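J.: Turn this into a model:
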Amino acid sequence: MVRFLTSRSASATAIIAGLLLNALAGCSKPAPPQPPLQEVEVITVQMKTVPVVFNRIAQTESSREVQVVARVSGFLEEITYEEGGPLQQGDVMFVMDRKPFLAEVEAAQGELEASEARLWIANANLNRTRPLAEADALSQSDLDRAIGDKKAAEAAVYAAKARLTQAKLDLGYATIRAPVTGLSGKARQREGAYLNAFGDSANLSYVSQVDPIWVNFSISQNERERTSRAAAEGKLILPTETRYEFEIVLADGAVFPYRGVFDFAAPTFDERTGTFAARAVVENPDSVLRPGMFVTVRILGAKRPDAVVVPQEAVQQTTNGHVVWLVTDQGQTERRPVTMGDWVDRDWVVENGLSGGETIIVGGLNRIRPGIPVKTVAYKDSSASSKPTASSN
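T.: Numbers count the residues shown, from 1 in each chain. Next up, the predicted model:
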């Protein structure tokens, strides 16, 4: 019995010793390697002066729309222009029956010649009467009558010349020409119609000048006050003497190749809309812009100093707003809520949340979460964030 217990004790001791050896051997194994740090592309947030662009919905208007009317009465004989087509100033649009006007010219010419003949007779009579009156061969009344006849004949010549001039004008008015260079409207009267110069039938068409063309837009009272306040506080730099430039964006998003300049601003607000009207004028040599078109006008020239600008790629949209990811001084990630402002080319102006100098993550955002250490490298496309070429407001 004693031998048996001793044997069992020896076996247990051997097993325990083996377990202890195995445990000691396990403690001596090297620790597993740490996973590599996530690599992210970062930039340092800079404060810079950026352009500010104010976008407005606008409508084009002819810079000079002139109604074409008949200035004399008569029958319309011919329409010589292409309705809706381009016209140069002086191009013939309508031709009236010229025969009555030619007759008036000839009659006025004949009357003028008769008046000149009577003037010649009056001059000859005066030349005979004057020396006789001076020699007391004729009375003073005879001389006065001769002088009066000459003056009356001269007046008749003046009147005849005026009637001839008027007749020639009426003849010229029978050929109706484009008053300005531009696009023509449709003809309101057709060939054979009688045109009454003092009635509605005198309205024949119109010509709209489109080069240059006006671009009309409005600015609300709130917008004007907000802009003025920002300028007074130094948050906005406005161009001196309203030297704005205007970029026109067509309905399909294409940018019109010519820029406009400031032309007019109403001195008072419209009480019905709470806005005041403004206007730009822009060259339109190819007549791409037509009166009545709706376009977007970008008002250029203002600047925002000390703006915090970040690349578009650095901003994420969440259900609670926009956020950016920062790298702290300890090399860890931090999510920061921000309030976004204007666009500046490919970048975004940050209104609140950043003050400049922070390190923000631009590339590798899909591999991070809050509070993890990361390895930072320079953003490969950081030059894009320094191109302040356009913005919107």
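J.: Okay, strands next: where are they in the stretch 201-350 of the chain?
T.: With strands called from DSSP state E, counting those that start in this stretch, the stretch 201-350 of the chain shows them at 203-220, 245-249, 260-265, 275-282, 294-311, 316-318, 321-327, 333-344, 347-352.
J.: Point out the other helices and strands that whichever strand in the chain runs longest packs with.
T.: Determined from DSSP state E, the single longest strand within the chain is strand 46-69. Identification of packing neighbours for strand 46-69 by 3 or more Cβ pairs under 8 Å, 6 or more residues apart in numbering; DSSP states H and E yields strand 182-184, strand 203-220, strand 294-311, strand 333-344. Placement of C-beta: from N, CA and C, glycine included.
J.: closest one to residue 118 among those strands?
T.: strand 203-220 (41.5 Å; Cβ to Cβ).
J.: What residues sit buried inside that closest one?
T.: 204-219 (16 or more other Cβ atoms under 10 Å).
J.: any idea of the mean pLDDT for it?
T.: On average, the pLDDT along strand 203-220 is 95.
J.: Repeat that for stretch 60-67.
T.: On average, stretch 60-67 scores 96.
J.: tell me how far it is from the chain's mean position?
T.: In terms of Cα atoms, centre = their mean, to the nearest Å, the centre of stretch 60-67 is set 16 Å apart from its chain centre.
J.: Could you do stretch 326-346 as well?
T.: That offset, for stretch 326-346, works out to 35 Å (Cα atoms, centre = their mean).
J.: First-to-last residue distance for that stretch?
T.: Taking Cα to Cα, to the nearest Å as the measure, stretch 326-346 stretches 20 Å from start to finish.
J.: Start at 271, not 1
T.: OK, 271 is where the count begins now, so the last one is stretch 596-616.
J.: Okay, and residue 395 sits in which element?
T.: Using DSSP states H and E, residue 395 sits in helix 369-404.
J.: I'd like the average pLDDT over that helix.
T.: Averaging pLDDT along helix 369-404 gives 93.
J.: and it, what other elements does it pack with?
T.: The helices and strands touching helix 369-404, judged by 3+ Cβ pairs under 8 Å, 6+ apart, are helix 410-443.
J.: And the helix it packs on, what does it pack against?
T.: helix 369-404.
J.: buried set for the helix it packs on?
T.: By 16+ other Cβ under 10 Å, the buried positions in helix 369-404 come out as 370-371, 374-375, 378, 381-382, 385, 388-389, 392, 395-396, 399, 403.
J.: picking up where we left off before, using a markdown table, please lay out the strands of the stretch 471-620 of the chain together with distance to residue 353.
T.: Compiled in a markdown table, these are given as follows (distance: least, Cβ to Cβ, whole Å):
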| stretch | distance to residue 353 |
| --- | --- |
| strand 473-490 | 8 |
| strand 515-519 | 27 |
| strand 530-535 | 29 |
| strand 545-552 | 26 |
| strand 564-581 | 24 |
| strand 586-588 | 53 |
| strand 591-597 | 55 |
| strand 603-614 | 44 |
| strand 617-622 | 50 |
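J.: Out of those, flag the one nearest residue 316.
T.: Closest among these, using Cβ to Cβ: strand 564-581, at 7.1 Å.
J.: For the closest one, what is the distance to the chain centroid?
T.: Averaging C-alpha positions (Cα atoms, centre = their mean) puts strand 564-581 15 Å from its chain's average.
J.: buried stuff in it?
T.: Of the residues in strand 564-581, 565-572, 574, 577-581 count as buried by neighbour count, 16+ other Cβ under 10 Å.
J.: among these, which two are most distant?
T.: Farthest apart among the buried residues of strand 564-581 by Cβ to Cβ are 565 and 578. That separation is 31.8 Å.
J.: Can you get me a residue count around residue 556?
T.: Neighbour count for residue 556, taken as other Cβ atoms under 10 Å: 10.
J.: Which other helices and strands does the helix or strand where residue 347 lies contact?
T.: Using DSSP H and E, residue 347 sits in strand 344-349. The contact analysis (3+ Cβ pairs under 8 Å, 6+ apart) places strand 344-349 against strand 362-366, strand 464-465.
J.: would you turn those strands into JSON lines with distance to residue 416?
T.: JSON lines is the format used below for these (distance: least, Cβ to Cβ, whole Å):
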{"stretch": "strand 362-366", "distance to residue 416": "46"}
{"stretch": "strand 464-465", "distance to residue 416": "48"}
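J.: and residue 645, which of the strands of the stretch 471-620 of the chain is closest to it?
T.: Among the strands of the stretch 471-620 of the chain, the nearest to residue 645 by Cβ to Cβ is strand 591-597 (9.7 Å).
J.: Give the rounded mean pLDDT of the closest one.
T.: Mean predicted confidence for strand 591-597 is 91.
J.: List of residues touching that strand?
T.: 310, 312, 580, 584-586, 603-610, 620, 623-624, 628-631, 635, 638, 644, 646 (Cβ atoms under 8 Å, 6 or more residues apart in numbering).
J.: circling back to that earlier point, any idea of the angle the helix holding residue 395 forms with helix 410-443?
T.: Counting by axes from the mean of the first three to the mean of the last three Cα atoms, to 10 degrees, helix 369-404 lies at 160 degrees to helix 410-443.
J.: List the buried residues for stretch 405-419?
T.: So for stretch 405-419, counting by 16+ other Cβ under 10 Å, buried means 408, 413, 416, 419.
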